Structures are given as structure tokens and as C-alpha cells.
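1. just the structure for this:
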Amino acid sequence: MLFASKPKGVFIEFTDYGRRVMRANSYKAPMIIEGLAECESDDEEGWEQIVEHFLPKNAPNGLLQASCGVNSKALGAAR
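-> Numbers count the residues shown, from 1 in each chain. Model (predicted):
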């Protein structure tokens, strides 16, 4: 019998100064951080490498299920 693997959590943060991506063993607490990377906000080549490294390779039809959140402090600073 085959069991589907649990979905991993991928968290992405954009700020004025940089971009961060974190991969965890779950998308909800408690979780273990498996990987973390960041680059400057204007580093397009670095961002492409991070995305290729962190996104799952076996997404059916190239689509991913996502849960999204917005940091209200970040929105307040942008206004």
C-alpha cells in the first residue's frame, strides 16, 4: 500500500531589502526547519536559484497548493 507524503511547508517573505525562503517539514506548528535561503531584493539571478532549489520538482501539472498570509506590519510600513 502506498502512502502519500505529507506536504512540506514553504514560507516566502518579501521585504524592501531582501527575499527569504524557508522549507519546513510541515506547514503548521510544530515544524522543523529543513532549509533557509535569502538574497537581496534586486538580485534576480540569486532569486531564480533559490526558487529552483526550494520548489518541489514533482508538482502535478506545474501547480502547487498554497496557503497565503500577509504581515500587517509590512503593509503599514509601505503606506
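2. going forward, measure contacts between C-alpha atoms and count neighbours the same way
-> Will do.
3. where does this structure have its least confident helix or strand?
-> helix 72-78 (a mean of 58; mean pLDDT, DSSP states H and E).
4. surely residue 48 is within a strand?
-> No. Counting by DSSP: H, G, I helix; E, B strand; the rest coil, residue 48 is not part of a strand but helix.
5. got a pLDDT number for it?
-> Per-residue pLDDT puts residue 48 at 90.
6. and it, how far from residue 26?
-> 23 Å (C-alpha to C-alpha, to the nearest Å).
7. more neighbours: which of these two?
-> residue 26 (16 against 10; other C-alpha atoms under 10 Å).
8. where are the low-confidence patches of the chain?
-> 1-5, 56, 58-67, 71-79 (pLDDT under 70).
9. can you rerun that using 90?
-> 1-29, 31, 41, 50-79 (pLDDT under 90).
10. show me the helices in it, by range?
-> 44-54, 72-78 (DSSP state H).
11. contact partners of the first one?
-> If I follow you right, that is helix 44-54. If you take C-alpha atoms under 8 Å, 6 or more residues apart in numbering as the criterion, helix 44-54 is touched by 10, 19, 21, 23, 37-39.
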